[in-house]
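Trainee: Only the shape, not the letters, is given here:
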């Protein structure tokens, strides 16, 4: 389990490479919610999402000899681009295993960042097999998208920055998928602001985390049905353990609530976020009584949205 | 004609009320354009557009006795909301003349800000008649949307802030409609960075400014056909005179180029801007040779976009 000191180390390690993202506030959203909302805008992070913090920390934490053999991962999303960029910045090889069904624009962006791409069939076993082959052949270090302590520590630098900028918060909310973002930031928030509440926002159509904490053991999604394409992973065991220790609370929202929140963010804050990211404001507006009167750190996780398909009406 | 000192005074006057908006940069847009682009983000200004700077300066520059009789204007756009907010902040009455065809959402937002609305028929004469009646009845001061020196000086604070933050620029580009934004900022830029080039971006479907400077006298739009709904006004005489003295250059773009640029801004900068505002990046990408190798101040004028109707494909 990463410690607050690990997060301070991560912050120092990634400082030359990562953006210190802005914190936005909105009079009208404060009025609507009754809370004081501090939006930490990771949509402005490099590659357009918080994922760069974790990948960058993991890559630069490697010893020279490990780094020389490169890094590898499986991902079709923001972690793939994040690891590709982190590898390029350290000047080492990065290999990303991607399902053959991955959309062209994501493949191209990872390739442009200099990573090698290995395609696999669109199932869990094929992905793990392909990754194991890469690791066996190259000696690369596997950087898991979320079940990795250095990745978690890197993600936790977002809340650390937020609290350094705005001061003590009463509540911290971030989207939850595999749980790396929330776990890393939970460690930072619990350490910096003892007693602050940690909340995960989750789509109803991929509510493994809500069910996991209700059952007190990590469960998987049987079927997944949500517009929040970044929140489809099952929660990791390591992340579950950390979040349980932090007494995390999960709030679920449906896709209509997410889309409405996405539009509100674009209209009021004038920033672009992706649906997965809008779940946090959707949860705040749905469960207003829970947030009213409190200082809330709101992690806006990313802004990689597909305008070809996005519709508000 | 406002002077650089008028703009310094305006900056001091509006400082307690206006946002100091951020300046964004993008590695990928610098690579694509070959220029160093500094985006001054007035989409983050209060009421979502630069217009608040000018209206706020004009309202707070009034004497106590003039202010006591209130302010009035005609506008269906951002100037209406800007004057309403500025009036509310000074605690004086603001009256806005709007055509009956104005969309409900704009009427509501101006009303919410506390302004009185007077509707008129949808033509120039009716608008001026209605405004004159308001002024005659109340003694209110007419704050013209752009042909007003205090309004221009207020708008010019955007470039002043930009240059204070990023240092000397070689080129400044902003959208042009009535010319208040560009004229005020031209005074700031010419004063702070002698020899810098001033450029106005204009839609082909409302190209009165391009034709005016070619003819060396202010001309009107016969018909207007553009998605850039904030750029449909004819250039003002006062604004024309100032801009001619600053040797302004006008670059025109078509709506397809504007929409492409709008999408690029949303995808790369992760911010929301309105079509009128996207004309500047459209011009930079269309006339790359003109900007390559230069430090360019880019005024992003506003972010009040209608997501109900916006389509990229």
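Mentor: Good, I have the coordinates. This is a predicted model, so every value here is computed, not measured.

Trainee: Check the spacing between residue A:139 and chain B real quick.
Mentor: As for residue A:139, its distance to chain B is 32 Å (criterion: CB to the nearest CB, to the nearest Å). Yep, even glycine has a C-beta here, placed from its N, CA and C like the rest.

Trainee: Close to chain B: what parts of chain A are there?
Mentor: Those residues of chain A that sit near chain B, judged by CB under 8 Å from any CB of the partner chain, are A:22, A:43-44, A:48, A:263, A:266-267, A:270-273, A:303, A:307-308, A:312-313.

Trainee: Among those residues, show me the least confident.
Mentor: Lowest in pLDDT among the residues of chain A next to chain B is residue A:313, which has 59.

Trainee: quick one, helices of chain A?
Mentor: Taking DSSP state H to define them, one finds helices in chain A at A:4-14, A:27-33, A:51-61, A:64-68, A:78-90, A:104-112, A:124-138, A:149-166, A:180-192, A:208-215, A:237-245, A:255-264, A:275-286, A:288-291.

Trainee: mean pLDDT lowest for which of those helices?
Mentor: Looking at the helices of chain A, the lowest mean pLDDT belongs to helix A:104-112 (a mean of 89).

Trainee: That helix packs against which elements?
Mentor: Packed against helix A:104-112, as judged by 3 or more CB pairs under 8 Å, 6 or more residues apart in numbering or on different chains; DSSP states H and E, are the following elements: helix A:78-90, strand A:94-99, strand A:116-120.

Trainee: who wins for proximity to residue B:75 among these?
Mentor: Of all the helices and strands packed on helix A:104-112, it is helix A:78-90 that lies closest to residue B:75, at 42.0 Å by CB to CB.

Trainee: Give me the contacts around that closest one.
Mentor: With contacts defined as CB atoms under 8 Å, 6 or more residues apart in numbering or on different chains, helix A:78-90 is touched by A:17, A:46-52, A:54-56, A:58-60, A:62, A:67, A:70-71, A:73, A:75, A:93-94, A:96, A:98, A:106, A:109-110, A:113-115, A:143, A:145, A:230, A:302, A:304.

Trainee: Quick check: closest non-adjacent residue to the residue of the stretch 1-150 of chain A found nearest chain B.
Mentor: Nearest residue of the stretch 1-150 of chain A to chain B (CB to the nearest CB) works out as residue A:43 at 4.6 Å. Nearest residue to residue A:43 in three dimensions, chain neighbours excluded: residue A:303, at 2.9 Å (CB to CB, 6 or more residues apart in numbering or on different chains).

Trainee: repeat for residue A:115
Mentor: Among residues not flanking residue A:115 along the chain, residue A:84 sits closest, at 3.6 Å (CB to CB, 6+ apart).

Trainee: Neighbours of the one you found, how many?
Mentor: 27 (other CB atoms under 10 Å in any protein chain shown).

Trainee: go on, residue A:108?
Mentor: Residues near residue A:108, counting by other CB under 10 Å: 11.

Trainee: could you measure it against residue B:68, distance?
Mentor: In this view, residue A:108 and residue B:68 are 62 Å apart by CB to CB, to the nearest Å.

Trainee: How about residue A:115?
Mentor: The gap separating residue A:115 from residue B:68 is 66 Å, by CB to CB.

Trainee: Name the residue in those two with the higher neighbour count.
Mentor: Comparing residue A:115 with residue B:68 by other CB under 10 Å, the one with more neighbours is residue A:115, at 26 against 12.

Trainee: I'd like the distance between the more buried one and residue A:306.
Mentor: From residue A:115 across to residue A:306, the span is 21 Å (CB to CB).

Trainee: One more: residue A:266?
Mentor: Going from residue A:266 to residue A:306 by CB to CB gives 14 Å.

Trainee: circling back to that earlier point, export the helices of chain A to CSV and tack on distance to residue A:198?
Mentor: What follows is the helices of chain A, written out as CSV (distance: least, CB to CB, whole Å):
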stretch, distance to residue A:198
helix A:4-14, 14
helix A:27-33, 18
helix A:51-61, 18
helix A:64-68, 32
helix A:78-90, 22
helix A:104-112, 30
helix A:124-138, 29
helix A:149-166, 10
helix A:180-192, 5
helix A:208-215, 11
helix A:237-245, 7
helix A:255-264, 20
helix A:275-286, 12
helix A:288-291, 13
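
Trainee: Could you point out which of those helices sits nearest residue B:162?
Mentor: helix A:149-166 (23.0 Å).

Trainee: Can you point out the buried residues in that closest one?
Mentor: A:149-163 (16 or more other CB atoms under 10 Å in any protein chain shown).

Trainee: follow-up on the earlier one: more neighbours: residue A:266 and residue A:306, which one.
Mentor: Per other CB under 10 Å, whichever of residue A:266 and residue A:306 has more neighbours is residue A:266, with 23 against 14.

Trainee: Point me to the residue of the stretch 151-300 of chain A nearest chain B.
Mentor: Relative to chain B, the nearest point of the stretch 151-300 of chain A is residue A:270 (3.9 Å; CB to the nearest CB).

Trainee: Dihedrals phi and psi, that residue?
Mentor: phi 60, psi 30 (degrees, to the nearest 10).

Trainee: quick one: contacts for residue A:288?
Mentor: Remark: with contacts taken as CB under 8 Å, 6+ apart, residue A:288 is in contact with A:33-35.

Trainee: Now which of the contacts of helix A:78-90 would you call buried?
Mentor: The neighbour-count criterion (16+ other CB under 10 Å) marks A:17, A:46-52, A:54-56, A:58-60, A:62, A:67, A:70-71, A:73, A:75, A:93-94, A:96, A:98, A:106, A:109-110, A:113, A:115, A:143, A:145, A:230, A:302, A:304 among the contacts of helix A:78-90 as buried.

Trainee: And stretch A:195-210, what's buried?
Mentor: Taking 16+ other CB under 10 Å as the neighbour-count basis, stretch A:195-210 is seen to contain the buried residues A:196-203, A:205-210.

Trainee: closest to residue B:294 among the residues you listed?
Mentor: Checking the buried residues of stretch A:195-210 against residue B:294 by CB to CB gives residue A:201 as the nearest, at 44.1 Å.

Trainee: Now for that closest one: which residues touch it?
Mentor: Residues counted as contacts of residue A:201 (CB under 8 Å, 6+ apart) are A:173-176, A:250-253, A:279-280, A:282-283.

Trainee: Neighbour-wise, which one of those residues leads?
Mentor: residue A:279 (34 neighbours).

Trainee: my read: residue A:51 touches residue A:303, true?
Mentor: No: under the contact definition of CB atoms under 8 Å, residue A:51 does not touch residue A:303, with a separation of 11.9 Å.

Trainee: which of the buried residues of stretch A:195-210 sit farthest apart?
Mentor: Using CB to CB, the pair of these lying farthest apart is A:196 and A:205, separated by 28.5 Å.

Trainee: so how far is residue A:283 from the residue nearest to residue A:150 when sequence neighbours are not counted?
Mentor: Counting by CB to CB, 6+ apart, the nearest residue to residue A:150 once its immediate chain neighbours are dropped is residue A:58, at 4.0 Å. Computed as CB to CB, the residue A:58 to residue A:283 distance reads 29 Å.

Trainee: picking that back up, in PyMOL, how would I select just the buried ones from the residues of chain A next to chain B?
Mentor: With 16+ other CB under 10 Å as the criterion, this PyMOL line picks the buried residues out of the residues of chain A next to chain B:
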select buried, chain A and resi 43+44+48+263+266+267+270+271+272+273+303
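
Trainee: and which of the residues of chain A next to chain B is nearest to residue B:214?
Mentor: residue A:270 (35.0 Å).

Trainee: Brilliant, that's me finished.
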